[in-house]
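Colleague: Turn this into a structure:
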Amino acid sequence: MTPTSNPDQASQEAILAASSPWVAVVLNLVPGLGTGYIYQRRWRAYWISSGLATAWFVAGGVLSQNVDEVLMPDLVQQNQLIGLGGLLLLAVVTATEAGLAARRAQPSSRQANP
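Modeller: Modelled structure (predicted):
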């Protein structure tokens, strides 16, 4: 942990250092909505990932608004796969970032012997 002049930042770094990297990864990967950030108490990262997921849902709804499911079933399936792919990509990126952040915050003795 690096020395900081802000006591709030120091306590947040202590919480992050105490969090388990694998728990943060699993919580971000399985639901894919940034819940690992709640576990780590990283609110800015949580709201950014939640905003991105919400924007992805809204964009999918807006883009599929004029698609007739009966006349264009292939387009509907393609839109669903693109939507799922985007959410999976978001889950993988946030899970990786949460795990790396937890590992970086841990003391060097714990990093040497995981």
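Colleague: Look at the residue lying farthest from the centre of the chain and tell me its secondary structure.
Modeller: For the chain, the largest distance from the centre (C-alpha atoms, centre = their mean) belongs to residue 71, which lies 35.9 Å off. Judged by DSSP: H, G, I helix; E, B strand; the rest coil, the three-state class of residue 71 is coil.
Colleague: how would you label residue 67: helix, strand or coil?
Modeller: With three-state DSSP as the basis, residue 67 sits in coil.
Colleague: How many residues are close by the closest residue to it other than its chain neighbours?
Modeller: Spatially, and ignoring its direct neighbours in sequence, residue 67 is nearest to residue 75 (5.6 Å; C-beta to C-beta, 6 or more residues apart in numbering). The way it works is simple: take the backbone N, C-alpha and C, and place the C-beta from them, glycine included. Counted with other C-beta atoms under 10 Å, residues neighbouring residue 75 total 13.
Colleague: And the contacts of stretch 73-85?
Modeller: 56, 57, 60, 63, 64, 67, 69 (C-beta atoms under 8 Å, 6 or more residues apart in numbering).
Colleague: what number of residues lie near residue 21?
Modeller: 20.
Colleague: Might you report the residue contacts of the residue farthest from the centre of the chain?
Modeller: So residue 71 contacts nothing (C-beta under 8 Å, 6+ apart).
Colleague: about what we covered before: which of the contacts of stretch 73-85 lies closest to residue 102?
Modeller: Closest approach to residue 102 among the contacts of stretch 73-85 (C-beta to C-beta): residue 56, at 25.1 Å.
Colleague: wait, that closest one sits on residue 88?
Modeller: No. Applying C-beta atoms under 8 Å as the test, residue 56 and residue 88 come out as separate, 10.9 Å apart.
Colleague: Of those two, which one has the most company?
Modeller: With neighbours defined as other C-beta under 10 Å, residue 56 and residue 88 compare such that residue 56 has more, 16 against 12.
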